[in-house]
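> Here is my input; please provide its structure:
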Amino acid sequence: MSRRPQRNQRLYKYRSNCHATFMRIEVDLGRCTGHGICETIAEDVFEVSDDGSVLIHGNERPESDRDRMQKAVLQCPAAALTLVED
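Here you go, the predicted structure:
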C-alpha cells in the first residue's frame, strides 16, 4: 500500500519550487564616468545618456541575468555598479 504525502508537504514543495530569486543592480552616479561598457554587455538594461550618466531600465533582474550583471559590475572601470541580492 503506497502512502500519500500529507497535504502540507505537497504545498511546501510546490512553494519552494516556485520561488523566484531576484537581484537588483544599482549605479553610483557620483562614480560613473560614462564609459558605456555596461551598455555593451547588456544594452537592454543599461543606457548611457548624452551627458554620460547611466540609466538602468528595470533594476530588479531575474536569476537568469546573473552572469551578465556580474560581468557588467566586474568590468566597470569606475566601480560604479553594485549587484544587491534580494
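> per-residue pLDDT, G34?
Per-residue pLDDT puts G34 at 94.
> same check, this time on the one 5 residues further on
pLDDT, the model's per-residue confidence, is 97 for E39.
> so it makes contact with I56?
No. E39 is beyond contact range of I56, at 10.5 Å (criterion: CB atoms under 8 Å). From N, CA and C alone the C-beta is placed, and that goes for glycine too.
> hey, where'd the strands end up in this protein?
With DSSP state E, the ranges of strands along the chain come out as 22-27, 46-48, 54-56, 60-62, 81-85.
> Low-confidence ranges, this protein, go.
By pLDDT under 70, the low-scoring segments of the chain are 1-20.
> Find the centremost residue of it, please.
Against the mean C-alpha coordinate of the chain, by CA atoms, centre = their mean, the closest residue is R61 at 3.4 Å.
> bridging residues for that residue?
Beta-bridge partners for R61, by DSSP bridges, are M23.
> Over to F46?
Taking DSSP bridges as the rule, F46 bridges to I56.
> ok, it - how many residues close by?
Number of residues near F46 (other CB atoms under 10 Å) recorded here: 23.
> ok now do it, which residues does it touch?
F46 makes contacts with G36, C38, E39, V54, L55, I56, H57, A72, as judged by CB atoms under 8 Å, 6 or more residues apart in numbering.
> which two from the residues you listed end up farthest apart in space?
Among these, the pair separated by the greatest distance (CB to CB) is G36 and H57, at 14.6 Å.
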